[in-house]
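Enquirer: sequence plus predicted model, see below.
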Amino acid sequence: MPSTDAAEAPVTDPGAADPAYAIETRSLTKVFGSQRAVDGIDLLVPRGSVYGFLGPNGSGKTTTIRMLLGLVTPTDGERRILGEPLPAGLLPALQRVGSLIEGPAFHPYLSGRANLQRLDAADTRADAGTCGQRIDAALDRVGLTPAGGKKFRTYSLGMKQRLAIAAALLAPRDLLVLDEPTNGLDPQGTREVRHLVASLAEEGITVLISSHLLSEIQQICSHIGVMRAGRLVAQGAIDDLRQSQTTRLTLTTPDTATATKILEQQGVSHLEATGSQVTGRPGELRPEDLVAALVTAQVRVQAFAFERPSLEDYYVSLTGEGFAVRS
Ligand SMILES: Nc1ncnc2c1ncn2[C@@H]1O[C@H](COP(=O)(O)OP(=O)(O)OP(=O)(O)O)[C@@H](O)[C@H]1O
């Protein structure tokens with residue numbers, strides 16, 4: 001269980017805030033003993049994005065999120081949340097940030113609505129006179145209005161997680177930080193959370209959502225950042241990352257020697273021939289031109305394909321997480 005540090009070191013040179021980003025860190029680092037749990041990361045979460053913060057268990061996601069929320073003191077580096085440098089701007093920033101790290105403690109024998117009432121009452125900034133409206137709005141946003149009167153213990157896992165997000169939305173928020181909100185959920189619960197995050201993003205809320213499974217959040221993310229052993233090994237718009245993947249050519253032919261020679265002449269790089277297959281990187285070359293050159297040289301083409309690795313392949317290559325299984 002990570003510790004919560006009370007005292008914060010002052011930021012020495014906060015620099016200027018970039019209004020394009022809801023979260024901005026520079027060289028953010030956390031060392032536990034001899035372990036660099038977070039190792040100099042430059043996280044950039046654009047405003048209005050759904051940012052998938054990915055990485056295997058133990059790669060440093062939760063520690064990073066805790067530093068972003070002022071729950072853990074960084075060993076080094078800078079952080080800005082909604083333009084506010086931390087720790088100086090922690091309070092004004094956090095008023096606009098909803099978060100779900102371990103989830104609030106809900107009472108099983110109280111209804112979802114009564115649980116929210118208790119949490120709302122604990123917020124000294126909230127106007128008690130408008131509590132009912134806030135709770136109605138929060139239940140409505142997460143699709144729990146019909147189940148608001150039911151006891152929490154009767155909720156499905158997805159409903160419990162949606163109630164936790166409703167709790168994070170009791171006050172107006174510009175940024176929502178969700179640490180592994182789909183962890184332990186069944187496919188239906190995962191869909192519910194995904195759907196909810198997508199609808200919040202449509203309202204303009206920036207969402208940072210962590211997960212160790214790309215497949216669970218890929219559909220809703222506009223951006224991703226990938227952690228591996230404390231380092232941020234990739235980051236950017238999901239479409240750009242997909243585009244950056246190198247296209248691979250695969251040719252099946254009984255004439256591999258001639259085919260390799262022709263493809264090399266055409267400018268295909270990284271050529272390899274194994275059995276009746278030739279593979280290589282075509283770069284910007286067009287498949288129709290390569291096939292024409294092969295046929296002209298009397299290469300018998302049995303199969304020819306241009307393939308771009310999927311984002312999942314990319315994620316696996318970055319993290320080595322081939323078959324992440326939920327614990
Ligand atoms: N308070 C702490 N004291 C010592 N080591 C810690 C502490 N908190 C985290 N760690 C270590 O730092 C590393 C990163 O942990 P972290 O929880 O940030 O990873 P994570 O990517 O969120 O993984 P998970 O999804 O399993 O929580 C792990 O090796 C963890 O054991």
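Expert: Ah, there it is. Numbering: from 1, shown residues only.
Enquirer: these two touch, right, residue 280 and residue 246?
Expert: No: checked against Cβ atoms under 8 Å, the pair residue 280 and residue 246 is beyond contact range at 10.5 Å. For every residue, glycine as well, the C-beta is placed using N, CA and C.
Enquirer: those two: who's more crowded?
Expert: Set residue 280 next to residue 246 and count neighbours by other Cβ atoms under 10 Å: residue 280 wins out with 23 against 11.
Enquirer: that one: what secondary structure?
Expert: Secondary structure, DSSP: H, G, I helix; E, B strand; the rest coil: residue 280 is strand.
Enquirer: ok, residue 51 next?
Expert: Following three-state DSSP, we place residue 51 in the strand state.
Enquirer: now do the strands in the stretch 201-327 of the chain.
Expert: 206-211, 223-228, 231-237, 248-252, 269-274, 277-281, 303-307 (DSSP state E, counting those that start in this stretch).
Enquirer: save these as a markdown table, and put in mean pLDDT and distance to residue 58 too.
Expert: Formatted as a markdown table, those follow (pLDDT from 0 to 100; distance: least, Cβ to Cβ, whole Å):
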| stretch | mean pLDDT | distance to residue 58 |
| --- | --- | --- |
| strand 206-211 | 96 | 13 |
| strand 223-228 | 95 | 10 |
| strand 231-237 | 95 | 13 |
| strand 248-252 | 94 | 31 |
| strand 269-274 | 94 | 34 |
| strand 277-281 | 95 | 34 |
| strand 303-307 | 93 | 32 |
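Enquirer: out of those strands, deepest packed?
Expert: Mean neighbours per residue, mean count of other Cβ atoms under 10 Å, is largest over the strands of the stretch 201-327 of the chain for strand 206-211, with a mean of 25.
Enquirer: in its sheet, what does that strand sit against?
Expert: Strand pairing for strand 206-211, using DSSP bridges, gives strand 50-54 (parallel), strand 175-178 (parallel).
Enquirer: most packed of these?
Expert: Among those, strand 50-54 has the highest mean neighbour count (mean count of other Cβ under 10 Å), at a mean of 27.
Enquirer: roughly how far does residue 293 sit from residue 262?
Expert: Using Cβ to Cβ, to the nearest Å, residue 293 is found at 5 Å from residue 262.
Enquirer: between those two, which one's more packed in?
Expert: Neighbour totals were compared for residue 293 and residue 262, and residue 262 leads with 21 against 16 (other Cβ under 10 Å).
Enquirer: isn't that one up against residue 299?
Expert: Yes: Residue 262 lies in contact with residue 299 (Cβ under 8 Å); the separation is 6.3 Å.
Enquirer: how close does residue 244 get to the ligand?
Expert: Using Cβ to the nearest ligand atom, to the nearest Å, we find residue 244 at a distance of 24 Å from the ligand.
Enquirer: give me phi/psi at that residue?
Expert: phi -70, psi -10 (degrees, to the nearest 10).
Enquirer: counting neighbours, what do you get for residue 92?
Expert: Counted by other Cβ under 10 Å, the residues lying close to residue 92 total 12.
Enquirer: OK, contacts around it?
Expert: By Cβ atoms under 8 Å, 6 or more residues apart in numbering, the contact set of residue 92 is residue 84.
Enquirer: could you say which helix or strand contains it?
Expert: Per DSSP states H and E, residue 92 falls inside helix 90-94.
Enquirer: by contact count, what packs against the next helix or strand after that helix?
Expert: Note on helix 90-94: by DSSP H and E, the next helix or strand toward the C-terminus is strand 97-100. Secondary-structure packing of strand 97-100 (3 or more Cβ pairs under 8 Å, 6 or more residues apart in numbering; DSSP states H and E): helix 157-168, strand 175-178.
Enquirer: average model confidence for the following helix or strand past strand 97-100?
Expert: Using DSSP H and E, the helix or strand that follows strand 97-100 towards the C-terminus is helix 112-122. Averaged across helix 112-122, the pLDDT comes to 91.
Enquirer: again, but for stretch 40-51
Expert: Mean pLDDT, stretch 40-51: 96.
Enquirer: okay, that stretch in PDB with CA atoms only?
Expert: The C-alpha coordinates for stretch 40-51 follow below in PDB (Å, rounded to 0.1, in the frame of the first residue of the first chain):
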ATOM      1  CA  GLY A  40      11.700  10.900 -15.200                       C
ATOM      2  CA  ILE A  41       8.500  10.900 -17.200                       C
ATOM      3  CA  ASP A  42       7.200  13.800 -19.300                       C
ATOM      4  CA  LEU A  43       3.400  13.200 -19.400                       C
ATOM      5  CA  LEU A  44       1.300  15.400 -21.700                       C
ATOM      6  CA  VAL A  45      -2.400  14.900 -21.400                       C
ATOM      7  CA  PRO A  46      -4.200  17.300 -23.900                       C
ATOM      8  CA  ARG A  47      -7.300  19.100 -22.700                       C
ATOM      9  CA  GLY A  48     -10.400  17.400 -24.000                       C
ATOM     10  CA  SER A  49      -8.700  14.000 -24.600                       C
ATOM     11  CA  VAL A  50      -9.400  10.600 -23.200                       C
ATOM     12  CA  TYR A  51      -5.800   9.500 -22.300                       C
END
